[in-house]
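S.K.: Show me the folded form of this:
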Amino acid sequence: MISEFQKPRYILLAESIIELIQSDYFPIGFLLPIEPELCEKFKVSRYTLRESMKLLREMGLIESRQGYGITVLAKERKNHYQMKMDAIPDLWEFVENSQLNIVNKGKIFADEALAKIPQAKANDEWIVVEGTRTIDGVTPIAWKHIYIKPQYKNVIKKLGKEKVPIYSMIEKEFGIQTIRVTQEMSALTIPNAAAESLHLEKNSIGFQITRYYYDQSDEVFVVTVSIYPPNRFNYNTELVLSHS
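M.R.: Alright, predicted model coming up:
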């Protein structure tokens, strides 16, 4: 469970509005006040309010109609909050709606990395960046290790400042092209350093995704290792069968 101090403001706001709906302060069929009035009432920004309204819509509690406003539809939530991602386009949305906070950076030999770096020799040097990714500036949702080929080290100064995936930064800065991405997924006991960063107890079970980004020469230029806490991330995959 995410404790109260860890929850982002828009989730706390959504929970407050749910309580008002369930207590009939905002009864079913009620037209909610306009956005500026709600921001003033709850002392939140428009961004926080809009994210909260989006969550309530996904729960089926409210309905938004252009030119009419927001109407209360139901008292019972139909789902719960999860961070979801199922494709590379969603990776962009994931990055745009979260913040990378860098904790450490430096050099590392390939054989010391958390994940095997394809094609690399044991004593090859790579750049490593360690950090946490948070949403709403509060809730940590991922602990990350990023391995970058040394020739692309200049992008490090942009990490945490630009809401762009690392592979796209390198593409733009150095004119290379990502031709494919492979990934590995597994459950694990979260390392102590990661557990501390994610506000978890030691020996918590989590979920790890390792991604390998290949350039036009089919060589790996970036490897990312992301560890997610339980109940804060959901990964969906759809497989389409061919019957040709």
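
S.K.: Would you map out the domains in this structure?
M.R.: With domains defined by automatic domain parsing, the chain comprises 4-72, 84-235.

S.K.: from the middle of its chain, how far away would the last one be?
M.R.: Right, domain 84-235. Centroid separation for domain 84-235 versus its chain: 11 Å, with C-alpha atoms, centre = their mean, to the nearest Å.

S.K.: and if you look at the shortest one?
M.R.: Relative to the mean C-alpha coordinate of its chain, domain 4-72 is positioned 22 Å out (C-alpha atoms, centre = their mean).

S.K.: residue ranges for the helices of this structure, please.
M.R.: With DSSP state H as the definition, the chain shows helices at residue ranges 9-22, 35-42, 46-58, 88-96, 166-174, 192-197.

S.K.: need the ones you listed in a markdown table with mean pLDDT, can you?
M.R.: A markdown table is the format used below for these (pLDDT from 0 to 100):
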| stretch | mean pLDDT |
| --- | --- |
| helix 9-22 | 89 |
| helix 35-42 | 92 |
| helix 46-58 | 85 |
| helix 88-96 | 59 |
| helix 166-174 | 91 |
| helix 192-197 | 88 |
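
S.K.: With respect to Ile127, which of the ones you listed lies nearest?
M.R.: Of all these, it is helix 166-174 that lies closest to Ile127, at 10.9 Å by C-beta to C-beta. No exception for glycine: its C-beta is placed from N, CA and C like everyone else's.

S.K.: Can you give the contact residues for the closest one?
M.R.: 92, 146, 148, 151-152, 154-155, 158-159, 162, 164, 176-178, 181, 213, 221-222, 224 (C-beta atoms under 8 Å, 6 or more residues apart in numbering).

S.K.: Pull out the buried members of the residues you listed.
M.R.: Buried members of those, counted by 16 or more other C-beta atoms under 10 Å: 146, 148, 152, 155, 159, 164, 176, 178, 213, 221-222, 224.
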